[in-house]
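Visitor: coords below, sequence missing:
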């Protein structure tokens, strides 16, 4: 089992490497695969809301068998952090049809049994935490969320037998004992006794929230579960630091049993003042990655402690945002999850508003940032020094969270025509001492790009003529004829001349308006980075190579004979071999085309 | 104390097999190597742990195996880590005149590498009336007992985090424990 998991984790790690990171939630939805989910959730600040099939923001379209397997093995093999895994599975469960819920619990509990059998569990704290996470998921699941009895019963039977025979090492034994105790509550018994209200009262009197919580979550009857919840609330009320909670115990008890928390009505208790707890507030810097040719942008996050780019975090504000309210004796924060049954006065998340167009409240009571936006939406933020998140409580401005804001240097807005460069209207705004906003109107469409002043030298806007066509190459000369016996070879033909390169297209005309605003503005540099350029002339064709000379004819040997007088008579004096013909000369190279001329650039500077 | 892994056979399959006459020498050699490897594993050093509180004001253990004690105006805590049973033994005494609740399900231990593990008592516990003491056996501490992972813990600090509602105010007690790792 362990080997299989390790192999799977390795495969997943390999797959994760295939995805470009950071991966936004929208990109995950596009990939829609198990390995992509593991890669996404492995990023700092990744939100498990992508697992919620009913989320308002981007989320998985379905929990396919492949995704389910990836999730289960992702935890069991250690590829996913247990806390994030738990939140992802909790959210996924709320949107799954009943049969898929059962199958998920089957797989999760099979993995649990496998981890419990793992001999490393005794000395591996990370593995112990994974076992604890699965156990809590199972024990704290909603009534009605269940696996298939045919799958789970043998797992529990095997655990009971192993416990009875003392076969388990201490760590596995402690987990198994705790699990089996809670499983028995589902049959209405606790330590061999039927659970009733009297038993709960005894537990409540002892402040034993642990057992009452098991009852509230696992008893088979809804009325008994509610009785257990009620007694947990009573324990919490008895311990509350708020005098008004203890003084109105019965009313608060009813509210918490009904709603899961004790919401303060802000109309009755107006805001006095609010603040962030600097020690726990989520502070990030937003980096805008612009895709100028698509006119979209991706919002990414980084922090001083973690300079690596990642996705932007969700914001829950509980324990971070605090408020003093009229007639409430102590500061309050946002309400906790309903299962906490906390009677502490609190602010409901629906009373919180964020005046930031990219923020939205999703299910799960967390605020999220849209990380895929249009350039039109994000460009106006260039005038601001930071990415402000103003928070309102009950419709009243309360406090602002300020994150850093930076624009990554975009691609150059470099336009090349098919012949002549396009005419462009360029407007440069300088809405902030540190930024320039370029708006370029081409014949096709408008493009906006935000450039940090520090990046201005590395950016340009240009209209370029098209490069001239290359000249054709000259034809090769013909080869000279080979000479006959004793004859010279023929001269090779000359190569043909190369064609001339075509002229480059002219750059388009630019009409530039630089609106410096009130601050100083580097007009000289702007004039250098906004330009028109003629296209380079086409290169001339190469002259054709001359033909090689013909090879000389072969030599002939002299012949003679001796006549009747004994004299040698030369019949043929022979001849020497012919010389090779001279090679033809190469053709002349064509001349390069003339470069295009830059278009006219008019610059006007306005305030 | 040694426990067998659940469902794993107790018998040693290598020892149980007898060498048949005429068996292949290479396979016999491989078997010998396997036996040697298992013997090596069997002889691999095992380490045991003791932990000591490092906070100022700690009252040392009366004798080895006894708990150390820390207290403030509200709480007295006696603490002993049982490295064999993989549990933290924590006795808490409420010194106040009000009921005191330990958030038993929220106790955690932060390891030297910064990772946290949840601990919980092996039996469900409730609150402490004034003057009362509750003894908790918290699990699982899950300590490596062999190899480099065990040795790496020598002298390192673990932090036990115990959330408490004392005098109606939430508060977290942090107990810093220094590990001493010895070959068994």
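Guide: Looks like it arrived, so ask away. Quantities reported herein were computed from a predicted structural model and do not represent experimental measurements.
Visitor: please make it C-alpha for all contacts and neighbour counts, starting now.
Guide: OK.
Visitor: the domain parsing of chain B - what is it?
Guide: Here the domain parsing of chain B from automatic domain parsing is B:13-43, B:47-183.
Visitor: mean neighbour count and mean pLDDT added to these, as a markdown table?
Guide: Conversion of the domains of chain B to a markdown table gives the following (neighbours: other C-alpha atoms under 10 Å in any protein chain shown; pLDDT from 0 to 100):
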| stretch | mean neighbour count | mean pLDDT |
| --- | --- | --- |
| domain B:13-43 | 10 | 43 |
| domain B:47-183 | 18 | 93 |
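Visitor: tell me the residues of chain A that contact chain B?
Guide: Proximity of chain A to chain B, by C-alpha under 8 Å from any C-alpha of the partner chain, involves residues A:117-119, A:121-126, A:128-129, A:132, A:162, A:167-171, A:174, A:178, A:203, A:206-211, A:239-241.
Visitor: now, of the residues you listed, which are buried?
Guide: Neighbour-count burial (16 or more other C-alpha atoms under 10 Å in any protein chain shown) applied to these gives A:117-119, A:121-126, A:128-129, A:132, A:162, A:167-171, A:174, A:178, A:203, A:207-211, A:239-241.
Visitor: now, these that are in helices?
Guide: If you go by DSSP state H, those have A:117, A:125-126, A:128-129, A:132, A:162, A:170-171, A:174, A:178, A:203, A:209-211, A:239 in helices.
Visitor: count of residues packed around residue A:350?
Guide: 11 (other C-alpha atoms under 10 Å in any protein chain shown).
Visitor: my guess is residue A:246 is in a helix, correct?
Guide: Yes. Counting by DSSP: H, G, I helix; E, B strand; the rest coil, residue A:246 is part of a helix.
Visitor: that one and residue A:236 touch, don't they?
Guide: No. Here residue A:246 does not reach residue A:236: they are 9.6 Å apart, not a contact under C-alpha atoms under 8 Å.
Visitor: more neighbours: which of these two?
Guide: Ranked by neighbour count (other C-alpha under 10 Å), residue A:246 and residue A:236 place residue A:236 first, with 23 against 19.
Visitor: what lies in contact with the strand or helix carrying that one?
Guide: Here residue A:236, judged by DSSP states H and E, is contained in helix A:222-239. For helix A:222-239, contacts defined as C-alpha atoms under 8 Å, 6 or more residues apart in numbering or on different chains pick out A:196-197, A:200-201, A:204, A:207, A:209, A:212-213, A:215-219, A:245-246, A:249, A:253, A:256-257, A:341-343, B:99, B:101, B:165, B:168.
Visitor: give the buried subset of those as a ChimeraX selection command.
Guide: Only the buried entries of these go into this ChimeraX selection, using 16+ other C-alpha under 10 Å:
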select /A:200,201,204,207,209,212,213,215,216,217,218,219,245,246,249,253,256,257,341,342,343 /B:99,101,165,168
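Visitor: how about residue A:604: what's its closest non-neighbour residue?
Guide: Of all residues not flanking residue A:604 in the chain, residue A:513 sits nearest, at 4.9 Å (C-alpha to C-alpha, 6 or more residues apart in numbering or on different chains).
Visitor: what's around residue A:154, how many residues?
Guide: Applying other C-alpha under 10 Å, we find 11 residues neighbouring residue A:154.
Visitor: quick check: it vs residue A:106, distance?
Guide: Going from residue A:154 to residue A:106 by C-alpha to C-alpha, to the nearest Å gives 11 Å.
Visitor: any residues in contact with both of these two?
Guide: Both residue A:154 and residue A:106 lack any common contact, where contact means C-alpha under 8 Å, 6+ apart.
Visitor: now the helices for chain B?
Guide: Using DSSP H, the helices found in chain B span residues B:13-16, B:25-43, B:147-151.
Visitor: now the end-to-end length of stretch A:271-291.
Guide: 42 Å.
Visitor: what does that stretch contact?
Guide: Outside stretch A:271-291, the residues touching it (C-alpha under 8 Å, 6+ apart) are A:296-304, A:312, A:315, A:317, A:319-326, A:375, A:387, A:393, A:396, A:398-399, A:401-411, A:449.
Visitor: now the residues you listed: which count as buried?
Guide: Among these, the ones that count as buried (16+ other C-alpha under 10 Å) are A:296-303, A:312, A:315, A:317, A:320-326, A:375, A:387, A:393, A:398-399, A:401, A:403-407, A:409-410, A:449.
Visitor: strands paired with the longest strand belonging to chain B, and their directions?
Guide: The strand that spans the most residues within chain B, counting by DSSP state E, is strand B:169-183. Using DSSP bridges, strand B:169-183 pairs in its sheet with strand B:47-53 (antiparallel), strand B:157-166 (antiparallel).
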